[in-house]
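**Q** Sequence and predicted structure below; questions after.
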Amino acid sequence: MRLASSRATHMCPVKCTPRRCLPIARISLRPGETPEQAQERRMRESQQVEERVATVSDLADWDRETSAAGNKLVVLEVESEKLCQTGLEEEAELHWKQDQAAALAPCQAIKHTFARIARECPDVKFLSLSADDPDAAPLLDSLGIEVIPSVQFWKAGKLLWEHRGVNQLEQDLGEGVLYFGDSAAGGVKGSEHVTELHSREDLDRFVSSQEEKVLTVVNLSISSADPCIHIFPAVLALARSFKGYAAFGRLLGDENASTQGVLQAFNILEVPTFLFFKNGKEVGRHVGSSRGDLIGKILQVQSEYGVAPPPPPKPAGAVPRWRR
């Protein structure tokens, strides 16, 4: 994404209805688990979801929940039992032609994904709003909701990012929770592997503190750019894979005046940009959100400066994914 003037964000309230029950069509067994144990696990997980996802029914509910969240990330799910839209122009005609159950199926899957992510991310506040509530219209309007389903990411009263429509919503939901909330599947914290940098001083300290054999990679992004959000899971995966061989940090250029100064000092015109440092000096950079190109550039820089690549990963060492 090419940098231009800062993008405006929208501040508004929200709304919802009583929490729906999530049906269990079939209970999948984990290794060594009996059907009874699986049923008990599912019941515990459902209870955790009920505790983790709060409904909001009016502006007072929204103010109460967001105030209680403090500086936590707030993820709002706007859903419906009657609509499942993509946001495409031909939506209305397609929706009437399709079988209703088939049309709603993708959104049912999203609801289960939202529940799983809520269960695994205790440091994030999850809220749900039902567009079916007859009293929801004013709140939907104030939120700018035009497509159902939608997911919005809020922090400290500010709308950070939103996804409209069911297409790729599952992917964007997980990526947004990681990017803005520091939470990945399996309880993994992104900041444990990718150091968060909040100023020029943080950047200089991070770069100068690395060992001579380590390649330092600094991800320069902004909070509202889709390419920056979509590449970050790959950055986390690389940081885990290259541990001991490369150190990764992330700086959001629109966070404050100091981070804005970093973008200017390094003449950053597009994001995401990755800066490579060796022994405290910049030795290269990469612009773009392709995981493959980023891996290739890292290996190229390591080779040029005599930094050994990490050994091949073991087959069993998979990056955590959201469990079903």
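**A** Looks like it arrived, so ask away.
**Q** switch to C-alpha atoms for all contacts and neighbour counts from now on
**A** OK.
**Q** Please enumerate the strands of the protein.
**A** Here the chain has its strands, by DSSP state E, at 53-55, 74-79, 125-130, 150-155, 158-164, 194-197, 215-221, 246-252, 273-278, 281-287.
**Q** Kindly reformat the ones you listed as a markdown table containing distance to Gln85.
**A** Listed next are the strands of the chain as a markdown table, based on distance: least, C-alpha to C-alpha, whole Å:
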| stretch | distance to Gln85 |
| --- | --- |
| strand 53-55 | 21 |
| strand 74-79 | 10 |
| strand 125-130 | 14 |
| strand 150-155 | 9 |
| strand 158-164 | 9 |
| strand 194-197 | 35 |
| strand 215-221 | 30 |
| strand 246-252 | 32 |
| strand 273-278 | 34 |
| strand 281-287 | 34 |
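**Q** Tabulate these (TSV), appending mean neighbour count and distance to Leu139.
**A** Output for the strands of the chain, formatted as TSV (neighbours: other C-alpha atoms under 10 Å; distance: least, C-alpha to C-alpha, whole Å):
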stretch	mean neighbour count	distance to Leu139
strand 53-55	22	13
strand 74-79	25	11
strand 125-130	26	10
strand 150-155	22	14
strand 158-164	18	15
strand 194-197	21	35
strand 215-221	26	32
strand 246-252	24	31
strand 273-278	22	38
strand 281-287	15	40
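**Q** Please convert these to CSV, extending it with distance to Ile117 and mean pLDDT.
**A** Output for the strands of the chain, formatted as CSV (distance: least, C-alpha to C-alpha, whole Å; pLDDT from 0 to 100):
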stretch, distance to Ile117, mean pLDDT
strand 53-55, 10, 92
strand 74-79, 11, 96
strand 125-130, 9, 95
strand 150-155, 13, 96
strand 158-164, 16, 95
strand 194-197, 21, 98
strand 215-221, 24, 97
strand 246-252, 23, 97
strand 273-278, 29, 97
strand 281-287, 30, 96
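**Q** So which of these is nearest Pro106?
**A** If you check each of the strands of the chain against Pro106 by C-alpha to C-alpha, strand 74-79 wins as the nearest, at 11.8 Å.
**Q** Which strands and helices lie in contact with the closest one?
**A** If you count contacts as 3 or more C-alpha pairs under 8 Å, 6 or more residues apart in numbering; DSSP states H and E, strand 74-79 packs onto strand 125-130, strand 150-155.
**Q** Mind exporting the C-alpha coordinates of the first one to PDB?
**A** Translated: strand 125-130. C-alpha atoms of strand 125-130 as PDB (Å, rounded to 0.1, in the frame of the first residue of the first chain):
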ATOM      1  CA  LYS A 125     -12.900  -8.500  24.300                       C
ATOM      2  CA  PHE A 126     -15.500 -10.100  22.000                       C
ATOM      3  CA  LEU A 127     -18.900  -8.600  21.400                       C
ATOM      4  CA  SER A 128     -21.800  -9.800  19.300                       C
ATOM      5  CA  LEU A 129     -24.600  -7.700  17.600                       C
ATOM      6  CA  SER A 130     -27.600  -9.300  15.900                       C
END
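**Q** quick one: that strand to chain centroid distance?
**A** Distance of strand 125-130 from the chain centroid (C-alpha atoms, centre = their mean, to the nearest Å) equals 16 Å.
**Q** next one: stretch 227-234
**A** Relative to the mean C-alpha coordinate of its chain, stretch 227-234 is positioned 9 Å out (C-alpha atoms, centre = their mean).
**Q** So which helix or strand of this structure has the lowest pLDDT on average?
**A** In the chain, no helix or strand scores lower on mean pLDDT, DSSP states H and E than helix 91-97, which sits at a mean of 54.
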